[in-house]
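In: take this sequence and fold it.
(one chain, ligands or ions: 1)
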Amino acid sequence: SQISSLRIKDKPEENGDKQRDTDLINTSLLNKLIRNNLVNTTNQVEVLQKDPNSPLYSVKSFEELRLKPQLLQGVYAMGFNRPSKIQETALPMMLAEPPQNLIAQSQSGTGKTAAFVLAMLSHVDPNNHFPQCLCVSPTYELALQTGKVIEQMGKYYPEVKLVYAIRGQKLQRGTKLQEQIVIGTPGTMLDWCGKFKFIDPKKIRVFVLDEADVMIATQGHQDQSIRIQRMLPKNCQMLLFSATFEESVWNFAQRIVPDPNIIKLKREEETLDTIKQYYVLCNCKEEKFQALCNIYGAITIAQAMIFCHTRKTAGWLAGELSREGHQVALLSGEMQVEQRAAVIERFRDGKEKVLVTTNVCARGIDVEQVSVVINFDLPVDKDGNPDNETYLHRIGRTGRFGKRGLAINMVDSKMSMNILNRIQEHFSKKIERLDTDDLDEIE
Ligand code: ADP
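Out: Numbering: from 1, shown residues only. Below you'll find the predicted structure:
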């Protein structure tokens, strides 16, 4: 694999801004690597049209889009039967004549990549042997993932060629690229358009900026992207995608995309309503482990995720559980993203029944079939305050799709009892005490 090693630090004391940015990049890639289907959502898309008087089209089938037959074939070969929520509105806008600019926001897994890949493939003319679409991604690894989608969807359209503008990709001076689609990172893309003139930016028809929120987390990427954008012709279609939309992302988006249509799809709310929450009182980590064993002895747990505060605890606990005969998967901070993806896949496939992990590693990951979540350590932020958001994310379920779940919190000090009480107050949901020597009450 050409994928370089991205290392993740998850020591709590390193939770600075830089750390957050690394987490963001890694989570984003991890999500791509483990995603194999659409994220379910019942929310409606919000649409803000550039011209509110023009009719708003949305499609319920790919046929309605009048795609080239080779592309329709590619779409179906990928197993897509109908457009996703966001694609229903985004695709007609992106494929309209004249092309429309778009800013789209929706969480990872809702079909953004597939949508803009289809738009790029639709807009290129394979008879023209020069770049017509540019797609910038925050990292090499993310660019590769998008490239794979282009290759899959363009499987029956082999005349369209793709090239990666990424660091280390050396071309001879004076080269003029023949490929219709160029995908890469902003720095190299900028050099290829400007300094080296491998690409004639004036001939670009579609400019895609993917993962805008991750992009601006990387020093320099924002400026480089804007400089590329400025070289493009006025009538070039500008498309920008992001999973989240903070003020900073929004400001950036508006500099990249003039006169945009805007589509937003809210993330499904997580709730604790369908979760039974308990806590167990212990004195030390050995007692917590014993309590865990008692729980395992008393109830049938198909699959569980166990969260620890540090790598060290996670490693120790995984060892202890293995010794007890459990099949344990450990997700740890020193693992590369690809290794982590492999661990998660094995767990999802049921090859292991227990996943022990630290918080950072598991952020943003959903394993739907898990019905029991154990906070071996309660989630706290870097100042030692309760991290309510993480708590909700670990154990919460999305409303309609949520099955019932069980959450067990391990408390081992006055301090963690205090944290637990504050979490309980925050959500106004009772967390019941569980006596692990008498476990009749759960299940
Ligand atoms: P995003 O870019 O928002 O993270 P993707 O485009 O990567 O989302 O799509 C998420 C997953 O859903 C991918 O595995 C993709 O192949 C699949 N997918 C995308 N669009 C559809 C569709 N219309 N029908 C079925 N699966 C789809």
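In: use CA for all of it now, contacts and neighbours both
Out: Fine.
In: and the closest residue to the ligand within the stretch 251-400 of the chain, how many neighbours?
Out: Scanning the stretch 251-400 of the chain for proximity to the ligand using C-alpha to the nearest ligand atom identifies residue 265 as nearest, at 10.5 Å. Here the number of neighbours of residue 265 (other C-alpha atoms under 10 Å) works out to 20.
In: what of the one 3 residues further on?
Out: Residue crowding around residue 268 was assessed by other C-alpha under 10 Å; the count is 17.
In: the closest residue to residue 111 other than its chain neighbours: what's it in contact with?
Out: Leaving aside its sequence neighbours, residue 111 sits nearest to residue 84 (C-alpha to C-alpha, 6 or more residues apart in numbering; 6.3 Å). Residues near residue 84 by C-alpha atoms under 8 Å, 6 or more residues apart in numbering: 38, 110-111.
In: re the thing from before, beta partners of the residue of the stretch 251-400 of the chain closest to the ligand?
Out: residue 45 (DSSP bridges).
In: in stretch 185-203, which residues are buried?
Out: 185-194, 196-201 (16 or more other C-alpha atoms under 10 Å).
In: taking the residues you listed, tell me the two that lie furthest apart.
Out: With distances taken as C-alpha to C-alpha, the most widely separated pair in those is 185 and 200, at 17.0 Å.
In: now do the residue nearest to residue 128 when sequence neighbours are not counted, the pLDDT please.
Out: Excluding its sequence neighbours, the residue lying closest to residue 128 (C-alpha to C-alpha, 6+ apart) is residue 180, at 7.5 Å. With respect to pLDDT, residue 180 scores 98.
In: what about the strands in the stretch 251-400 of the chain?
Out: Under the criterion DSSP state E, counting those that start in this stretch, strands of the stretch 251-400 of the chain are mapped to 261-265, 270-271, 275-281, 304-308, 328-331, 354-358, 372-375, 397-398.
In: in its sheet, what does the second one sit against?
Out: According to DSSP bridges, the neighbouring strands of strand 270-271, each with its direction, are strand 397-398 (antiparallel).
In: quick one on the thing from earlier: near the ligand, which of the buried residues of stretch 185-203 show up?
Out: For the ligand, no contacts are drawn from the buried residues of stretch 185-203 by C-alpha under 6 Å from any ligand atom.
In: measure how buried residue 247 is and give me the count.
Out: The number of residues near residue 247, taken as other C-alpha under 10 Å, comes to 9.
In: now residue 408, what's its secondary structure?
Out: The three-state label given to residue 408 by DSSP: H, G, I helix; E, B strand; the rest coil is strand.
In: which residues of this protein lie near the ligand?
Out: 35-38, 80-84, 108-114.
In: just the residues you listed: which are in helices?
Out: Among those, the members found in helices (DSSP state H) are 112-114.
In: the stretch 201-350 of the chain: helices as residue ranges?
Out: Under the criterion DSSP state H, counting those that start in this stretch, the stretch 201-350 of the chain carries helices at the ranges 212-215, 221-231, 247-256, 285-298, 311-323, 337-348.
In: deepest in the core, which of those helices is it.
Out: Sort the helices of the stretch 201-350 of the chain by mean neighbour count, taking mean count of other C-alpha atoms under 10 Å, and helix 212-215 sits at the top with a mean of 25.
In: so for it, mean pLDDT?
Out: On average, the pLDDT along helix 212-215 is 94.
In: please save the CA atoms from that helix in PDB.
Out: What follows is helix 212-215, C-alpha atoms only, in PDB (Å, rounded to 0.1, in the frame of the first residue of the first chain):
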ATOM      1  CA  ALA A 212     -13.700  21.800   3.600                       C
ATOM      2  CA  ASP A 213     -13.700  21.500   7.400                       C
ATOM      3  CA  VAL A 214     -10.700  19.200   7.400                       C
ATOM      4  CA  MET A 215      -9.000  21.400   4.700                       C
END
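In: which residues sit against it?
Out: With C-alpha under 8 Å, 6+ apart as the criterion, helix 212-215 contacts 21, 24-25, 28, 137-138, 221-222, 240-245, 249, 253.
In: repeat that with 10 Å
Out: 21-28, 103, 105, 136-139, 185-186, 209, 221-222, 225, 240-246, 248-250, 252-253 (C-alpha atoms under 10 Å, 6 or more residues apart in numbering).
In: can you list the buried residues in stretch 418-438?
Out: 419-420, 422-424, 431, 434-436.
In: looking at the residues you listed, which is nearest the ligand?
Out: The closest of the buried residues of stretch 418-438 to the ligand turns out to be residue 423 (C-alpha to the nearest ligand atom; 30.9 Å).
In: list the contacts of that closest one.
Out: Contacts of residue 423 by C-alpha under 10 Å, 6+ apart are 378-379, 385-389, 391-392, 417, 429-431.
In: how much space separates it from residue 336?
Out: Using C-alpha to C-alpha, to the nearest Å, we find residue 423 at a distance of 32 Å from residue 336.
In: could you list the low-pLDDT ranges of the stretch 1-150 of the chain?
Out: Low-confidence segments of the stretch 1-150 of the chain (pLDDT under 70): 1-16.
In: show me where it has its helices.
Out: 17-34, 69-77, 85-95, 112-123, 140-153.
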